[in-house]
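Peer 1: here's my sequence, what's the structure:
(chains A and B)
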Amino acid sequence: MVQDNGKEPTLALKLRVWRQRRGQPGAFEEHSLAAVPTSASFLEMMDMLNEQLIKAGKDTFAFDHDCREGICGMCSMTINGMPHGPIPGVTTCQLHMRNFRDGETITVEPWRARAFPVLKDLAVDRSGFDKVIQSGGFITVRTGSAPEANNIPVPKPIADEAMDAAECIGCGACVASCKNGSAMLFVGAKINHLNILPQGQAERDRRTLSMVKTMDEAGFGNCTNYGECQAHCPKSITLDVIAKLNRDYLRARVKEFFSSTGKPSKGGD
Amino acid sequence: MALTGLVLAGFVLGHMTGNLLMFKGPEAINAYAAWLHANKGLLWGARIVLIISTFAHIWVGIQLALENRAARDGGPAADATRRATIASRTMPYSGVIILGFAIFHLLHFTFKAVALGDVSFGDDVYKMIIVGFSCKPVAYFYIISMLLLCLHLSHGVSSVFQTLGLRNERWRSRLDVLALAYAWIIALGFISIPLAVLTGCLK
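Peer 2: As a prediction, the model looks like this:
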């Protein structure tokens, strides 16, 4: 690190950044970036790189970002092979440059999964997640005037558990870190969030079956219990949600298999 | 994967405990073998369940590996692993070698199609095993395969609980230890026999 007469230290970095146009093969481009403040976030460092490119009359790198405070799930980037970078439990926007060394070469890639095709450079199409949510990530309520909050009692441990699952910001790091490109942690989080609350009971089985079906159709892989998703999740969602997803899925399948048609069978009397 | 794996994991426990009768002497193991062959219903019932489970396990395993490879789409250029164990990452490979071993093992001891040295044992299972493991490459292949089975089971058995939804963060480490202990008991139980033959403890 270079100490600049009492000011904050800065880094000189070598960056290998993925360049790709939609539908075409991509490749890494190498760039040098000097005087990166250690207090800058990773996205601010990427902004600096883009400004440098603009000044040189070159094309900037496209990357997703929005709130920049770790709650929207928009930022992505696989940094040195790790979705959201080397610090567990944070998003790329909350990753600061003080976690890197001066002179370090940093490899920046998009999320890598068949279900997340590259739109441009580091931005990927995560609409596979939207399809999963559309297929069951909702509850049925009467809209209009706000309902009385205490009409439906929710036990505190259940509310806590649902809140833990609802922490999922749908960023896709679970898919990007999974060696199978599986979305089980995301789907598990969404299903747990709604399936354990009283408000989610009406669609419980239908939700579980259709979200799993949509997940498979969107081209995500299968869970083989590597545990990489939990280790890379910026919200530290645990494999518990996958175990409970499996349990609810089995339950829903059994109930579907033995569901009543409401009519006597033709062969019977 | 989980249900068929559960059947196969249960089978290896039964097979291993049966094998340990070798240490009780020729009469014990031969009587056990004769009893198994006398109970045709039990023998063939078990064989049919095992054949179905094995084929289903292989079929689902191949599908899983192919689907997952396609879904990964090559993965990142700079791949980093934080938590996935070696056992979990090598399941298809350990599985293929164990399958190869199982085929050889059946040809060797069940169909007696692989003639290694003097073969005329009749119903003397004890003698068949001693002669079989006296061939060093066979014994070493057996031991290596059992160590791979240990690796395969250490991930497989703990995964069964996750697939059936019977695991949480509190129980995860305990179930992983249980799976590891189960895998080592199976492997060491099996390995003890060729090792005893090689070292001359069983003659």
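Peer 1: chain A contacts on chain B?
Peer 2: Residues of chain B found near chain A (CB under 8 Å from any CB of the partner chain) are B:64, B:67-68, B:70-85, B:88-89, B:91, B:155, B:158-159, B:161-169, B:172. The C-beta positions use only the backbone N, C-alpha and C, and glycine is treated the same way.
Peer 1: isn't B:T4 right up against B:A56?
Peer 2: Yes. B:T4 is within contact range of B:A56, at 4.7 Å (criterion: CB atoms under 8 Å).
Peer 1: looking at those two now, which is surrounded by more residues?
Peer 2: B:T4 (20 against 16; other CB atoms under 10 Å in any protein chain shown).
Peer 1: hang on, the earlier thing: if any of the residues of chain B next to chain A are buried, give me the ChimeraX selection for them.
Peer 2: Buried residues within the residues of chain B next to chain A, by 16 or more other CB atoms under 10 Å in any protein chain shown, are selected in ChimeraX with:
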select /B:64,67,68,71,72,73,75,76,78,80,82,84,85,88,89,91,155,158,159,161,162,163,165,167,168,172
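Peer 1: of the residues of chain B next to chain A, which belong to helices?
Peer 2: B:64, B:67-68, B:70-72, B:88-89, B:91, B:155, B:158-159, B:161-163, B:169, B:172 (DSSP state H).
Peer 1: any idea how far the spatially closest residue to A:K120 that is not a sequence neighbour lies from A:R112?
Peer 2: With sequence-adjacent residues excluded and distances taken as CB to CB, 6 or more residues apart in numbering or on different chains, A:K120 is closest to A:A62, at 4.1 Å. A:A62 is 16 Å from A:R112, where distance means CB to CB, to the nearest Å.
Peer 1: the more surrounded of these two?
Peer 2: Between A:A62 and A:R112, counted using other CB under 10 Å, the more crowded position is A:R112 (23 against 16).
Peer 1: who touches that one in this structure?
Peer 2: Contact partners of A:R112, counting by CB atoms under 8 Å, 6 or more residues apart in numbering or on different chains, are A:78, A:176, A:181, B:72-76.
Peer 1: pLDDT score for it?
Peer 2: pLDDT for A:R112: 96.
Peer 1: can you check B:A38 too?
Peer 2: 94.
Peer 1: so what's A:Y249 up against?
Peer 2: Counted by CB under 8 Å, 6+ apart, A:Y249 has contacts A:208-209, A:212.
Peer 1: how about 10 Å then?
Peer 2: Applying CB atoms under 10 Å, 6 or more residues apart in numbering or on different chains, we find A:Y249 in contact with A:187-188, A:191, A:205, A:208-209, A:211-212, B:163, B:165.
Peer 1: which pLDDT value goes with the residue positioned nearest the centre of chain B?
Peer 2: With the centre of chain B defined as its mean C-alpha position, the nearest residue by CA atoms, centre = their mean is B:L149, 5.1 Å away. We have a pLDDT of 98 for B:L149.
Peer 1: same check, this time on the one 3 residues further on
Peer 2: Here the pLDDT value assigned to B:H152 is 98.
Peer 1: re earlier: quick check, the residue nearest to A:K120 in contact with A:N50.
Peer 2: Yes. Between A:A62 and A:N50 there is a contact under CB atoms under 10 Å: 9.2 Å.
Peer 1: what's the closest non-adjacent residue to the closest residue to chain B within chain A?
Peer 2: Going by CB to the nearest CB, chain B is nearest to A:R247 of chain A, at 2.6 Å. Leaving aside its sequence neighbours, A:R247 sits nearest to B:G165 (CB to CB, 6+ apart; 2.6 Å).
Peer 1: and that neighbour, what does it touch?
Peer 2: Going by CB under 10 Å, 6+ apart, B:G165 touches A:240, A:242-251.
Peer 1: among those, which ones are buried?
Peer 2: Buried subset of those (neighbour count, 16+ other CB under 10 Å): A:240, A:242-249.
Peer 1: is it fair to say A:Y226 lies in a helix?
Peer 2: No. Going by DSSP: H, G, I helix; E, B strand; the rest coil, the assignment for A:Y226 is coil, not a helix.
Peer 1: burial count for residue 61?
Peer 2: If you meant another chain, say so; for now it's chain A. By the measure other CB under 10 Å, the count of residues near A:F61 is 21.
Peer 1: meant chain B actually
Peer 2: 19.
Peer 1: surely it and B:I98 touch.
Peer 2: No. Judged on CB under 10 Å, B:G61 makes no contact with B:I98 at a distance of 11.1 Å.
Peer 1: so which of the buried ones among the contacts of B:G165 are in helices?
Peer 2: A:240, A:242-249.
Peer 1: and those residues, which two are furthest apart?
Peer 2: A:D240 and A:Y249 (14.7 Å; CB to CB).
Peer 1: and the strands in the stretch 51-200 of chain A?
Peer 2: A:78-79, A:82-83, A:105-109, A:118-120, A:123-124 (DSSP state E, counting those that start in this stretch).
Peer 1: include mean pLDDT and mean neighbour count when you put these into CSV, please.
Peer 2: Below are the strands of the stretch 51-200 of chain A laid out as CSV (pLDDT from 0 to 100; neighbours: other CB atoms under 10 Å in any protein chain shown):
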stretch, mean pLDDT, mean neighbour count
strand A:78-79, 97, 26
strand A:82-83, 97, 26
strand A:105-109, 98, 21
strand A:118-120, 97, 19
strand A:123-124, 97, 23
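Peer 1: could you export the ones you listed as TSV, including distance to A:A56?
Peer 2: As requested, the strands of the stretch 51-200 of chain A are exported to TSV (distance: least, CB to CB, whole Å):
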stretch	distance to A:A56
strand A:78-79	24
strand A:82-83	29
strand A:105-109	18
strand A:118-120	19
strand A:123-124	21
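Peer 1: can I take it that A:L15 is in a helix?
Peer 2: No. Under three-state DSSP, A:L15 sits outside any helix and is assigned strand.
Peer 1: the residue nearest to it when sequence neighbours are not counted: helix or strand, and which one exactly?
Peer 2: Nearest non-adjacent residue to A:L15, counting by CB to CB, 6+ apart: A:H31, 4.8 Å away. Applying DSSP states H and E as the criterion places A:H31 in strand A:27-37.
Peer 1: right, I'll call it a day here.
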